[in-house]
Structure formats: structure tokens, C-alpha cells
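A.B. asks: fold the following and give me the result.
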Amino acid sequence: MKDPFIRQQKLFYNAMEVQGTLFFLSVNGFMGAFSNTLLVFQGERPVFLREYANKMYRVFPYFLAKIIVDTPMLIISPAVGALITYWVLDLHNSFQGFMGYLIAQVLVHLVASAIGYFISAIFENETTAMGLAPSMVMPMVLFGGFLANNDNLPGFLKWF
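C.D. replies: The predicted structure is shown next:
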């Protein structure tokens, strides 16, 4: 007869493996979508400023058109990745679990692209945007809950 402690310990390590896998898949998806949108506005800034000065369009329609054009790719890319990773890793092996995983991955990509657009719009220079982007993103990775337990953090860092 097997020892119940060993069985419980194996279940614990399996849960840790799944949590680590999900964390790093999410970080990988985040960084991919983030880096794709980080330098979007720097290349288009001179054209946009000239057309805006000529009163061809305003900021909101330009930004809305850019988001509408980019959104299908931000949904298709994580969907393809989720189709591969979910079933290969045998995470839960149910359709409902897959849909939850797919929605989570799509939302991670959408949030990452929004942060990338934000940083791209703030900085005029590509070098500045590329240099300061990691300092804005790494705290999210560090305090995401996998590398640091939120219950053990000091009070002034818990909001992070």
C-alpha cells in the first residue's frame, strides 16, 4: 500500500508544475504582444503629426482604427498558441478548462498590447521607449504572485 504522504507530495509538485507552466506561458505571451506594440507610434509619429496638423483626422479615430486593425491578430495569435499548449501539456483536458485558458491568454495579450501602446505613445524616441519599458514591466512580473508570495510582502508593496 502506498504512503498517503508521498501521494499528497506528488500532487503538490504537480500543482506547482502547472502553476509555473501557466505563469511562464502568460509571461511569454505578455512579452510577445508587448514587444510587438512597443514601437508602433514612433515610426508613424511624423506622418500622424503632419496629417493631424492638416486636420485630416483627430487622435481618437486614428487610435480606434489602429486598435480595430490590430485586434484580430491579438486574438488569433494566442488562440493558436493556446490550441497547441493546452492539449500538449494536458492541463485539464476539458473543453471548459480550455475555454478559460484561451480567454485568459487572449486577455493577457490584449492588456500587454495596451501597455505597449501606452509606452509607445508616451515616448517620442525609440531608444527611450526600449530602455524604460523593462522598468515598467518587470515589477508586474516580479509581484505577479509566482515569484513572490503576496501574503509575505510588506504592506507598502502589496498594492503592486
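
A.B. asks: for the residue nearest in space to the middle of the chain, what are its contacts?
C.D. replies: Residue closest to the average C-alpha location in the chain (C-alpha atoms, centre = their mean): Phe30, at 2.5 Å. Counting by C-beta atoms under 8 Å, 6 or more residues apart in numbering, Phe30 touches Val108, His109, Val111, Ala112, Val137. To be clear about C-beta, it is placed using only N, CA and C from the backbone, and glycine gets the same treatment.

A.B. asks: one more: Leu74?
C.D. replies: Ala33, Val106, His109, Leu110, Ser113.

A.B. asks: if we ignore the residues flanking it in sequence, what's nearest it?
C.D. replies: Spatial nearest neighbour of Leu74, excluding adjacent residues (C-beta to C-beta, 6 or more residues apart in numbering): His109 at 5.0 Å.

A.B. asks: wait, that neighbour sits on Ala33?
C.D. replies: Yes. His109 lies in contact with Ala33 (C-beta atoms under 8 Å); the separation is 4.3 Å.

A.B. asks: give me the common contacts of those two.
C.D. replies: Leu74, Ser77, Pro78.

A.B. asks: what would the residues you listed look like in TSV with distance to Ala53?
C.D. replies: Below are the shared contacts of His109 and Ala33 laid out as TSV (distance: C-beta to C-beta, whole Å):
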residue	distance to Ala53
Leu74	30
Ser77	35
Pro78	37
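
A.B. asks: how about the residues you listed in TSV, adding pLDDT, secondary structure and distance to Thr127?
C.D. replies: Converted to TSV, the shared contacts of His109 and Ala33 look like this (pLDDT from 0 to 100; DSSP: H, G, I helix; E, B strand; the rest coil; distance: C-beta to C-beta, whole Å):
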residue	pLDDT	secondary structure	distance to Thr127
Leu74	89	helix	26
Ser77	92	helix	27
Pro78	92	helix	29
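
A.B. asks: closest to Phe63 among these?
C.D. replies: Of all those, Phe63 sits closest to Leu74, with 14.8 Å by C-beta to C-beta.

A.B. asks: distance of the closest one from Val111?
C.D. replies: 10 Å (C-beta to C-beta, to the nearest Å).

A.B. asks: how about Gln105?
C.D. replies: 11 Å.

A.B. asks: tell me which of those two has more neighbours.
C.D. replies: Per other C-beta atoms under 10 Å, whichever of Gln105 and Val111 has more neighbours is Gln105, with 24 against 14.
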